[in-house]
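Novice: would you be able to build a 3D model of this:
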Amino acid sequence: MKIVFRIPFTLFRAVAKTRTSAGWNRMKLVVPAAMFFSVCLCRAQPYFVSSTGDDANPGTLNQPFATLQRAQEAVRQKRGDVFLCGGTYYLPKTLVFTAQDSGSKRAPVVFQNYQDEKPVISGGIRLENLDWRPYTNGIFQAKVPADLQTEEIFVNGQRQVLARYPNFDPHAKYFDGFTSGADIQRRAARWADPAGGYLHAMHPALWGDFTWLITGKNAEGKLTKVGGWQNNRGGGINEGIQFVEGVFEELDAPHEWFLNNKTHTLYFYPPAGLDLKSAVVEATRLRTLVEFRGDEAHPVKWITLRGLTFRQAARTVMDNREPLLRSDWTIYRGGAVFFNGAEDCNLKDCFLDQLGGNAIFVNDFNRSVTIRGCHIDRAGANGICFVGDPMAARSPLFNYDQRNRLEDIDRTPGPKTDNYPADCLVDDCLIHETGRVEKQTAGVEIDMAQNITVRHCSIYDVPRAGINIGDGCWGGDVIEFCDIFDTVKETGDHGSYNSWGRDRYWLPDPGEVNIRVEQAPDLPLLDAVQPIVLRNNRWRCDHGWDIDLDDGSSNYIITNNLCLHGGIKNREGYRRIVENNIIVDSIYYPQVWLANSGDVFAHNIVWRDYDPARMYPPPWGREMDYNLVQKPGAQPSPATGLQQQSGRDEHSIVADAQFIDPAHGDYRVKPGSPALALGFKNFPMDQFGVTNPKLKAIARVPELPKPEMATSEFTRAAAPVTWLGASVRNVANEGEMSAFGLPGVTGVLVQDVPAGSPLAKAGLRKYDVILSVNGEKTADMAALLRQVSEWPEGNALKLGISREQKEMVVQLHL
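Specialist: Residues are numbered from 1 along each chain as shown. Next up, the predicted model:
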């Protein structure tokens, strides 16, 4: 048998550079045996693809193929790497890899860019030979193919703006421009036929957004629509934060466009200086560009995509409707690059640019998928998703208000099947400006998965969380050395890191959870079977918490994190170990803790006392001690504030931590710091975020806190008063807003309701929040007293209240 040596690609590339117009130079390679790194029994033949090639060619460098599908066919017949030359490859259909395409550990199949060229894989179509003619007011029009259906137009590689109201404003807080629902309804009077447009609105509590397809107008001139299923918490529509797009009459600003599907006419308002005759105009078509299509029995193995740009995948907002267990999320299971049933497959050094939906989706059974060195910019939805099969969860529920009876809960720990992503890695990736279309999204989203590692990633400029883990199924995730900031920019009550743990043990009422877990102590960790670890990260959230462990999140180890603004919140859950973190200009937020929670908060540096909400009487948790409250210039003294709050913190102190160089982000402490005596240990301050030189050169870093600009959380006057025999007060701050699940820092909290009092007779309970009186919003105590005084005596008052994050109405008779 003849043995053929496989030449390293670096040597092959050197040979390739000797190419002439007549073909390859005839060369004789004399290579020492030590230079060979692999031996194979069959020749590995390289294949080349060029956008100017021909699929009838043999696929050589001088006579390349034209399409990826042809190269795929060639590799199936004879294994070899595929090199894509620069240019744009418009896919006629999704490129699908199956088990038939698999490589091996010794000889993986690689599709990669040739040398330093930049091939673009497009799910769109180039609109050629457009005959642009003036229409009116700076708008041009051109006929397009009759079969063109698209929601995105690109001009010279940049996504344009679907005609909208209000106009696009990158400085607006929500939706790049927003207005009220009443304004939109008034505006609709000028629309002849809005069918096919979209209405977008935020959730009333800013827990994400909703989208409706406009179907027309009714006889009263009101918009008719379908949709609004993109959020698993419902709760109506935010009347003050809305916008519409895809309406012809709103085409009135540069970069806006509209496609009339009846006349097959494209309208475009070009910006100043754009030459339409030479402009490259493209439209999206495909939702998925590349799919790895296997399953547990027949996985796709050992395929790597490297050095490619993916662009022009279609929007998928109206297909985002599947609830993710009891989290606040719904999801569309798809992405520009879609892994389904893959093992040891990789996406490396790729650019995922302005994709309409999820950029990368790892769905159901996948093992050891690696995403490394990738840049994800301006995706319409999530950056990267790892989402398993809900039927792999035991006793699954699919909405916040659903519950299992204790006797019906499957008490077997862990998943029921293997149909979920596990042992996957996201490493050294730059992810920013995701969620351009959908706001209940994240840079990295993890649900029903296990052992997912996210390492050395920079994630910023996102509407909600940088990283979101939607449930405790099934733990083992590690988030480390990441730089995550400028998050929660268009939503609220969230964090740079957010999680839920509404697992099979969980109920909305903490008292019921305490009773249930006392009867069945094994319940809390049946799904969260392995700890989730957050370590050595830098976080900054100016619109929420740096780290937000929300409802039920359990089995966490949070250590060596630098939190620059929003602090750490731990709502009810079990076994959260929070140690050796630095919480700059902020605090620790314990909320609604459960009995015997096993929580630990120790060896941390904080700036102020705790900010508790709905906490039981001290002592709290399993251990809260050896913490330092930072006070510049202070000599060590007991942290009496912490001690009084927690009933613990016997050794905690107020002191100057003596940071090395906080002005430049170095919060390590100097030798001799009192923090060291408490057991605090320094951790690296120069290893956050991407390390790839190309990505590091373009990645932003967070703004560092300025001591002279340090601010505390907004807090309203909240002294309790007696009203109708009950103790009530204003909702004080964002911590209480979150704890009670409110639509803002608004309302009146009922602290105590004596039996027999008018409020008790009306059915009010401790921790109810009064939000309205007779349909009029109740912002605070002053508003409540005014509303009641203005109501005629003898008539019942309708009090709108929030109880355990669910709104209801009770009648109060005075």
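Novice: going by C-alpha atoms from here, please, whenever you check contacts or count neighbours.
Specialist: Noted.
Novice: any weak-confidence spans in the protein?
Specialist: Under the criterion pLDDT under 70, the flagged ranges of the chain are 1-43, 707-715.
Novice: let's see that with 80 instead.
Specialist: Within the chain, the stretches with pLDDT under 80 are 1-44, 235, 707-718, 789, 791-795, 814.
Novice: where do the helices sit along it?
Specialist: Listed in chain order, the helices of the chain (DSSP state H) span 9-16, 68-77, 181-187, 510-519, 640-646, 674-677, 693-698, 734-739, 758-761, 781-789.
Novice: for Trp539, find the nearest of those.
Specialist: Each of those has some distance to Trp539 by CA to CA; the shortest is helix 693-698, at 17.3 Å.
Novice: which residues touch that closest one?
Specialist: With contact meaning CA atoms under 8 Å, 6 or more residues apart in numbering, helix 693-698 is reached by 373, 375, 429-430, 690.
Novice: may I ask which two of the residues you listed are separated the most?
Specialist: Within those, two members stand farthest from each other by CA to CA: His375 and Val690, at 10.3 Å.
Novice: return every residue with contacts to both of the two.
Specialist: Shared between the contact lists of His375 and Val690 (criterion: CA under 8 Å, 6+ apart) are residues 429-430.
Novice: now the most centrally placed residue in the chain: phi and psi?
Specialist: Most central in the chain under CA atoms, centre = their mean is Ala442, positioned 0.7 Å from the mean C-alpha point. Dihedral angles of Ala442 (phi, psi; degrees, to the nearest 10) stand at phi -150, psi 160.
Novice: that one touches Gly435, doesn't it?
Specialist: Yes - Ala442 is within contact range of Gly435, at 7.2 Å (criterion: CA atoms under 8 Å).
Novice: find residues that contact each of those two.
Specialist: 381-382, 462-463.
Novice: how many residues are close by the closest residue to Leu742 other than its chain neighbours?
Specialist: When the adjacent residues along the chain are set aside, Leu742 lies closest to Ala205, with 6.5 Å between them (CA to CA, 6 or more residues apart in numbering). For Ala205, the number of neighbouring residues by other CA atoms under 10 Å comes to 20.
Novice: what would the shared contacts of Ala442 and Gly435 look like in JSON lines with distance to Asp209 and neighbour count?
Specialist: Shown next, in JSON lines, are the shared contacts of Ala442 and Gly435 (distance: CA to CA, whole Å; neighbours: other CA atoms under 10 Å):
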{"residue": "Ala381", "distance to Asp209": "12", "neighbour count": "32"}
{"residue": "Asn382", "distance to Asp209": "14", "neighbour count": "33"}
{"residue": "Val462", "distance to Asp209": "14", "neighbour count": "31"}
{"residue": "Pro463", "distance to Asp209": "10", "neighbour count": "29"}
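Novice: what separation do you get for the residue nearest to the centre of the chain and Leu406?
Specialist: Relative to Leu406, Ala442 is positioned 33 Å away (CA to CA, to the nearest Å).
Novice: next one: Gly380
Specialist: For Gly380, the distance to Leu406 under the criterion CA to CA works out to 40 Å.
Novice: kindly report the same for Met781.
Specialist: 40 Å.
Novice: try Ile371
Specialist: Using CA to CA, one obtains 40 Å as the distance from Ile371 to Leu406.
Novice: ok, the two, which is more surrounded?
Specialist: Ile371 (23 against 15).
Novice: was I right about the more buried one contacting Leu430?
Specialist: No - in terms of CA under 8 Å, Ile371 does not count as a neighbour of Leu430; the distance is 11.1 Å.
Novice: for Lys439, which residues are in contact?
Specialist: Counting by CA under 8 Å, 6+ apart, Lys439 has contacts 208-209, 381, 463-464, 490-491.
Novice: got a list of what Ala205 touches?
Specialist: When contacts are counted by CA under 8 Å, 6+ apart, Ala205 is found next to 238, 492-493, 742-744.
Novice: widest-spaced pair of the residues you listed?
Specialist: For the contacts of Ala205, the maximum inter-member distance is 15.1 Å, found between Asn238 and Asp493 (CA to CA).
Novice: the two: who's more crowded?
Specialist: Asp493 (24 against 19).
Novice: ok, the more buried one - contacts?
Specialist: Asp493 sits in contact with 205-207, 544, 734, 737-738, where contact means CA under 8 Å, 6+ apart.
Novice: possible to save these as JSON lines with distance to Asp54?
Specialist: Formatted as JSON lines, the contacts of Asp493 follow (distance: CA to CA, whole Å):
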{"residue": "Ala205", "distance to Asp54": "55"}
{"residue": "Leu206", "distance to Asp54": "52"}
{"residue": "Trp207", "distance to Asp54": "51"}
{"residue": "Gly544", "distance to Asp54": "54"}
{"residue": "Glu734", "distance to Asp54": "62"}
{"residue": "Met737", "distance to Asp54": "62"}
{"residue": "Ser738", "distance to Asp54": "60"}
